[in-house]
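In: structure for the following, please:
(chains A and B)
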Amino acid sequence: MKNIIKLLAILTAVVSLGSCKKEFIELDKPYSMTENVIFADADYIQTALLGCYDAFKSTNPTFMGGLAYIVFDCRGEDIVNISNPVTMQDTYEMKVLSTTQENGRIWNYAYWTINTCNIFIENLEKHNCKDVIGEELCKQYTAEAKFLRAYCYYVLANLYSLPYSINPDALAVPLRLTALTSSGNNDCPAAAIKDVYAQILADCLPDDLPSAPGTYDGVTRANEAAAHMLKMRVYMAMEKWDEAITEGKLVTGYSLAPDVTKIYGPGTYECPELIFALPMSTQPGDSPNTQMSCAEYYSIDAQVCWLNTESGILAEDAYSQDKDKRISDLVSAPDNNGYVYSLKFTDKAQKQDWIPVMRYAETLLNLAECYTHSANGTTQARNALKEVRSRSIAAGDDMLDVDALSGGNLTTAVLKERRLEFICEGIRGIDIIRRGENFVKNYHSVNLDVAPTASNYFWPIPNAEINYNKTLGKK
Amino acid sequence: MKKVRFILLSVIMLFSVSLAFAQNITIKGVVTDGANGEPLPAATVMLKGTTRGAATNLEGQYSLTAPAKGVLVFSTIGYKAVEVEINGQTTINCELSADTEYLEDVVVIAYGTQSAKTVTASVSSVKADAIKDAPNMSFDSMLQGQAAGVQVSTPNAGAGAQAKVLIRGVSSISGGTDPLYIVDGVPIQSGVVNASYMEANPLADINPADILSIDVLKDAAATALYGSRAASGVIIITTKQGRKGETKVTYDMNIGFVEPTKTYNMMDADTYVAYKNMAVKNRYGTDEKAISGAGNPYGDKAFNIPYTQDASGNRNYLKTNWNDLIYKKGLVMNHTVAISGGSDKTQYYASANYSDNQGIIIGDNYKRYGFKANISTQVTKWLKVGINGQYSKAFTSVLDTSRQDGVFSAAGLPRQAMILPPITFPYNEDGSLNVMSNGQYIGVGGVNIATLGYPNPMGQKESFNKINTDRIIASGFVQIEPIKNLVARSQFGVDYMVEGEETFWSPKYGQGAGNNGYAWRSMNDQLSWTWTNTINYTLAFKDNTFDFLVGMEAYKLSYGSDWINASDISNPAYSGFRAGFNTIKAGGEEGAKSMVSYFGRINYDYKSRYMLSVNYRRDGLSSLGKNSKWGNFWGVSGAWRISEESFFTPLRTVVDELKIKASYGVVGNSDIGFYGAQTYYSDAYYGGSPALGLANIGDSSLAWESSGKLDVGFNVGLFNRVNLDFDYYYTKTNNLVMAVPQGPSTGIGSLITNTGAMENKGVEITLNADVIKNKNFSWSTNFNITTAHNKVLQLAEGVKEIYGDSEANITLPGYSVGQLYAYPTGGIDPETGCRIFYGTNGEWTRFDYLAGGWFLKDGTEFQGDIAQVRAGNTLPTWFGGWTNSFKYKGFDLNFMFQFSGGNWILNAMTATGSDNRWWNNFAEVAEKSWKQPGDNAKYAKPIYGDNYSNGSAMEITDWIEKGDYLRLKNITFGYTYKPKNKIIGLSSIRAYAQVQNVFVATAFTGLDPEITSSYTSQAVLSGGYYKNTLPQARTYTLGVQVAF
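Out: Residues are numbered from 1 along each chain as shown, chains lettered A, B, ... in the order given. All right, here's what the predicted structure looks like:
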């Protein structure tokens, strides 16, 4: 009897536990997916591609959906950012060091996006996705991911390097072109700016990309025109004006929105002018984190960045005319301090304003700038400039007579037009650096004149990168 | 066993009584426990030199006839015998005092208990008595200084905050370093519960007053049976159980208040204005200047003292001391009522408790009520069953956002108390809050600046963060003894915790203003269950004793979390999540991990002289890589009690105990997250369309961290009064599970993988002594000291170093983990008032803020590099405690010192307190900053806007200080009254007063040297960085302990 109980006790214990042993310790993470499942299914592959866009827009907490977009206006002089270091005041004051917060953030988010795209591209190959979605779609998805990667390098090139126009051999940033999923990959030398641009050009594959202006997918995803635009920008930075004109001419199917105010806000994909824009939604993580969205910088509710009416483009008579819709409808009334703000991004609470990354007005003004550099381009330059300008102010009301401009005056006018047209749209800081101009600021306590020879002309590589990447070769 | 003893003694008593002589006198009396006055049943009273005697009854009373000139010997097991001459007395009461040797007779080990004499492993025991008077809400912080090898630090005085407990050093870099906590055989959730906006301490759910003993298992021999969870040590909590005897009711309470031990002495309004205007003048040549933005109604200078003005123009200047507004005194109290008792077969214990701690900073509060009960019964000779359970409800509220992420929280209250200018004020003349930007920021007061960009701390009072925790820890067991000495036991235990978190940001002030009110509500539940089945068999023949244990265990932990966040409140008159909001989002997550284990142990001893123990456990855990889920853990140990040898007999009058012991084994660390070994994608959105984002890159061969632990030690007892324990320990951890940060341009972030090795070594010394032990006066002392030396031996391949969260720390092979990392500086140049920095080749340079760079002595620009250097160890290398207890008649006095040191702290608050932007500064900055050539200054020449020279923007070595300290942790004075005859049923009452954190002796200039980096993901890598943390709390309490 006793021995039977004893035996029973042991057996019960052993059997009851032993029977569930194997499955008991096999647990997969709930509500998440593995690569084997994703890359075997056409829908999931597309969803993973959108994951690359999500990283590009708002790698938690934000990349092109906020910080990387705002940073180039904060480097320029047309807005004022005397806020505090959390909201990129150091960028405005050209005081960014290797330890400054936004420096590390933009660098990290850019490379996070780059690796996300590289992993996606490699997975398409590795899992033989041609068999799942067909060769065409496979090509298109690869081109989309490469476009996003190229844009990240474009952002980096304009923040961390002397411009090509000054020294094509200047060391820029490391080029990471393969999927990295294990340790031991920290070392990677910085590539020369010319090599970074060569890579961007190689990654822009307009022929592999679809074109569908005015549609949701056609605007929110990489497309043929966007690839031409990025190539055009790079050629302009390389001062290859003819190549740039060629690319610009290939941007077709777009037109200026009749009303300049209809470009901004949420859900604007039907605007015929938008080439590439980043959408937002109220879903979790689908809009920038706190203090990282455009509206939190530019809106009158935020009171962080106001428009520089004293020494910026708005201080010039021809670019602050009451009859100009960009002034009358896109600049706020003064706040209690007397400051005025842009009305392009206003939804500070929900951050639902879309981010216009490329629009047709830029194609035109890019062309205008390129034509001023070509032998017989004056008329084309004037026409392109007029097309953009007259949308917002009738020629009859305009104190500026475009037809009277030529030579250096015309170039200046095109550049000034860009400053007004694209204020708060992430263009100004790039225009200054690609042309090798000085960053000049004179507003209250901030008085700067930063020449390309100065150490703060472009940003230093962030500390963490210097610490881990021993073959970087620059600071 | 006790029952047997009682019967035996009763027989002796009967036997003795029958032999009584007629001419003797009859003596009566009561035998009591000298420590608490409780009667001692079944104690023997013997007439010396005879076999005649008596035993006491349940009331402790005895009656005996004996010759008038005889001597009585009073004794009972566990107490020291006392001899009393009769001298014709007919009433002799006797107090017996516990024989410490006997009291420590039994120690708690894994899945059982063992005689202390035969223990071969390293175990420290803390009895309830040592911690019973402390008003702490949780036992973790009470362990500080109590046991060798156990390092406890309280990161801040936040109400309900968890202490950091390390056993024999930092066991892991990225894995958990918390010990495994077992309560009455059930492993419980112990890690800080990281809710979204604050944290709660799950250890505080256990009422310290219900704890009987805390046993700390330290070496591999002691912990091997907990296998994969044992690398950081195991803490076993045994709660109070009923004892055979009369029903006993006790009521323990204490009440008092907490206050900050120290706050910073900041500039007052006049000093501030003068100093800041000087800084403005040094920069711009004039102090009549708007720094940015529009003018200021209070004057044309950059900084002006604001005022109100009555009709006749009399000005009332507004000067604010933010410390006074942000810090406060708080009420503290604890109450516990307990009932216990039992019969021969059934014992029970039940208690109820209430605790409240209102904290030292606005918005802080921790409250708990709890109930506990256990009952066990011997159903038949071979069957025993028992049930043990506790329920608690805890409320933690916090306003200080730095509680969760102290180092980096710029808007945390301790930081606001420091940096807000004394010339900005909390309230306007009409009583409304002084705010701007729709309430988001505090008004600028007298600062000629557009916005300070900080919220008004008084406005934060309209908001709240709270967590309400419901917790059940319960277990039941069945135990059978089918044949003699074979005990089979099955226990099922659960730990179930539901935390409801609610955060509300008022639409009127601070962060909530931007969203027109914001609320967060989450419900997080965690259930873990453990089913343990063991068979224990004891085999004794001749002088040999074998103790066998085999067992198996299944464990599963699952959690779920549901959250809703809401913004745009519909009616601003309401506050809280239930107010109604126009925008609502919801989501959630869940996860689980599970483990199956098999284990066994053989303990052997020969004559209690030679002991050997072998332990083994095999664990399979779900969170590891597909190919590496199973691990083997083991420990062997042996001991030799030299004092039991015959050759030792001559020495025994002096040395009553001498034992040497050694152990070695390998245990693991499984505190490595749930799904770290898997590569997976999570749902995201792109413009509202579903997207799959790469969420984790996993290593499919991720395996355990394994720690090889060596322990060698001895134990000496002298004169029956002094006990000395010595242990040398060495732990080498291999295959460290590390989230290895990758270079940012890899775009990986960090990877969780097995890599690297680390060692911890040191010695532990514990000395207990009953220095004086008389009937009326006793003095006992306990001293323990531990040394702990950590060294990282190897990091991941390709990783030469790892940086901490703020890049103020570096971890690299050859040094202890988390070294400080700062720019080398050399004070202030007396000539120019600039901070001296050293270049990478040791070059002397000065930093000139206005010129924007580093310059050599001759004024030329420095062309070399300025780089951070390794600048000091952040882990204390020695720590311990010293407790003294004095008793005189009914009075008791107890004080405890606790000490720690050998570490360095980067006091980043010095940088904050001397920053030359608008932030307020330490009062001493006004006098100690450079003013003219030749000054030997601590702080640089004040230049407005300069956040570099005094170390705000770059961590500088000038602010690195030693972390050594000695703290008078507790002082308690009490008086116990024991009525001879119970008054209204009262058997004893004790009243006491206690002060906790009386003083700290240290050279550290921050608020307190006892810092740990807060609950960041990389706390181990980011130690010794002092910033934005709350000071410690000093607690004054009065307490009463009543027993019926």
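In: and the strands in the stretch 201-350 of chain A?
Out: A:274-278, A:306-307 (DSSP state E, counting those that start in this stretch).
In: so which of those is the most surrounded?
Out: Mean neighbours per residue, mean count of other Cβ atoms under 10 Å in any protein chain shown, is largest over the strands of the stretch 201-350 of chain A for strand A:306-307, with a mean of 25. The C-beta positions use only the backbone N, C-alpha and C, and glycine is treated the same way.
In: who does it pair up with?
Out: Applying DSSP bridges, strand A:306-307 is found paired with strand A:79-80 (antiparallel).
In: show me the contact partners of the strand it pairs with.
Out: A:73, A:92, A:298, A:305-308, A:312, A:339, A:342, A:423-424, A:443 (Cβ atoms under 8 Å, 6 or more residues apart in numbering or on different chains).
In: can you flag which of those residues belong to helices?
Out: A:73, A:92, A:298 (DSSP state H).
In: kindly indicate which of those residues lies nearest chain B.
Out: residue A:92 (11.4 Å; Cβ to the nearest Cβ).
In: am I right that that closest one is in contact with residue A:82?
Out: Yes. If you go by Cβ atoms under 8 Å, residue A:92 and residue A:82 touch, sitting 7.3 Å apart.
In: higher neighbour count, those two?
Out: residue A:92 (25 against 20; other Cβ atoms under 10 Å in any protein chain shown).
In: now for that one: which residues touch it?
Out: Counted by Cβ under 8 Å, 6+ apart, residue A:92 has contacts A:74-75, A:80-82, A:441, A:446.
In: what pLDDT does it get?
Out: pLDDT for residue A:92: 96.
In: now do residue A:223
Out: Reported pLDDT for residue A:223: 97.
In: what do residue A:92 and residue A:82 both touch?
Out: residue A:446.
In: would you tell me which helix is longest in chain A?
Out: helix A:101-126.
In: next secondary structure after that one?
Out: Later in the chain than helix A:101-126, the nearest helix or strand by DSSP states H and E is helix A:130-133.
In: of the contacts of residue A:92, which is the nearest to chain B?
Out: Ranked by distance to chain B (Cβ to the nearest Cβ), these are led by residue A:82 at 4.3 Å.
In: may I have the secondary structure class of the closest one?
Out: coil (DSSP: H, G, I helix; E, B strand; the rest coil).
In: for the residue in the stretch 701-850 of chain B that chain A sits nearest to, which non-adjacent residue is spatially closest?
Out: Here the residue of the stretch 701-850 of chain B nearest chain A is residue B:747; by Cβ to the nearest Cβ that distance is 2.6 Å. Distance criterion Cβ to Cβ, 6 or more residues apart in numbering or on different chains; nearest residue to residue B:747, sequence neighbours excluded, is residue A:115 at 2.6 Å.
In: likewise residue B:902?
Out: residue B:877 (3.0 Å).
In: who in the stretch 801-950 of chain B is up against chain A?
Out: Selection of the stretch 801-950 of chain B residues close to chain A by Cβ under 8 Å from any Cβ of the partner chain yields B:801, B:803, B:807.
In: could I get these as CSV with secondary structure and pLDDT?
Out: Shown next, in CSV, are those (DSSP: H, G, I helix; E, B strand; the rest coil; pLDDT from 0 to 100):
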residue, secondary structure, pLDDT
B:801, coil, 84
B:803, strand, 85
B:807, coil, 78
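In: can you pick the most crowded of those?
Out: residue B:803 (22 neighbours).
In: hmm, back to that, restricted to buried residues, select the contacts of strand A:79-80 in ChimeraX.
Out: Applying 16 or more other Cβ atoms under 10 Å in any protein chain shown to these, the buried members can be selected in ChimeraX as follows:
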select /A:73,92,298,305,306,307,308,312,339,342,423,424,443
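In: ok, now which ones touch residue 130?
Out: Since you didn't name a chain, this refers to chain A. So residue A:130 contacts residue A:138 (Cβ under 8 Å, 6+ apart).
In: hm, I was asking about chain B
Out: Contacts of residue B:130 by Cβ under 8 Å, 6+ apart are B:146, B:883.
In: equivalent analysis for residue B:740, please.
Out: A:183, B:174, B:750-753, B:755, B:795-796, B:799, B:802.
In: how about residue B:332?
Out: So residue B:332 contacts B:135, B:254-258, B:356-358, B:1035, B:1037 (Cβ under 8 Å, 6+ apart).
In: now residue B:479
Out: B:383-386, B:487-490.
In: swap in 7 Å and give it another go.
Out: B:384, B:487, B:489 (Cβ atoms under 7 Å, 6 or more residues apart in numbering or on different chains).
In: ranges for the strands of the stretch 551-700 of chain B?
Out: Under DSSP E, counting those that start in this stretch, the stretch 551-700 of chain B gives strands at B:581-606, B:610-621, B:630-641, B:655-669, B:680-686, B:689-696.
In: do a quick rundown of the strands in the stretch 751-900 of chain B.
Out: Listed in chain order, the strands of the stretch 751-900 of chain B (DSSP E, counting those that start in this stretch) span residues B:757-773, B:777-787, B:789-794, B:802-803, B:809-811, B:819-822, B:825-828, B:835-838, B:844-848, B:853-855, B:869-870, B:878-888, B:891-901.
In: gap between the residue in the stretch 151-300 of chain B positioned nearest to chain A and residue A:340?
Out: Chain A sits closest to residue B:292 of the stretch 151-300 of chain B, with a gap of 4.3 Å, by Cβ to the nearest Cβ. Separation of residue B:292 from residue A:340 (Cβ to Cβ, to the nearest Å): 16 Å.
In: so where's the chain uncertain?
Out: No chain in the question, so chain A it is. A:1-22, A:59-60 (pLDDT under 70).
In: can you look at chain B instead?
Out: For chain B, the ranges with pLDDT under 70 are B:1-23, B:35-36, B:99-105, B:192-194, B:293-294, B:404-410, B:797-798, B:982, B:1012-1018.
In: quick one: contacts for the residue positioned nearest the centre of it?
Out: By Cα atoms, centre = their mean, chain B has its centre lying nearest to residue B:163, at 2.5 Å. By Cβ under 7 Å, 6+ apart, residue B:163 lies in contact with B:140-141, B:152-154.
In: in CSV, list the residues you listed along with distance to residue B:311.
Out: Converted to CSV, the contacts of residue B:163 look like this (distance: Cβ to Cβ, whole Å):
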residue, distance to residue B:311
B:140, 60
B:141, 56
B:152, 61
B:153, 57
B:154, 53
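In: and those, which two are the farthest apart?
Out: B:140 and B:153 (10.3 Å; Cβ to Cβ).
In: the more surrounded of those two?
Out: Using other Cβ under 10 Å, the more surrounded residue of residue B:140 and residue B:153 is residue B:140, with 26 against 17.
In: wasn't that one part of a helix?
Out: Yes. Counting by three-state DSSP, residue B:140 is located in a helix.
In: wait, isn't residue B:364 in contact with residue B:160?
Out: No. With contact defined as Cβ atoms under 7 Å, residue B:364 does not reach residue B:160; the gap is 8.1 Å.
In: what residues are shared contacts of these two?
Out: What both residue B:364 and residue B:160 touch, as defined by Cβ under 7 Å, 6+ apart, is an empty set.
In: give me the neighbour count for residue B:305.
Out: Neighbours of residue B:305 (other Cβ under 10 Å): 19.
In: how far does stretch B:345-352 sit from its chain's centre?
Out: Per Cα atoms, centre = their mean, to the nearest Å, the displacement of stretch B:345-352 from the mean C-alpha position of its chain is 29 Å.
In: mind listing what's buried along it?
Out: B:347-351.
In: likewise for stretch B:209-228?
Out: B:209-211, B:213-228.
In: in helices, which of these appear?
Out: B:220-223.
In: same for chain A: which of those residues are within range?
Out: When Cβ under 7 Å from any Cβ of the partner chain is applied, no member of those is adjacent to chain A.
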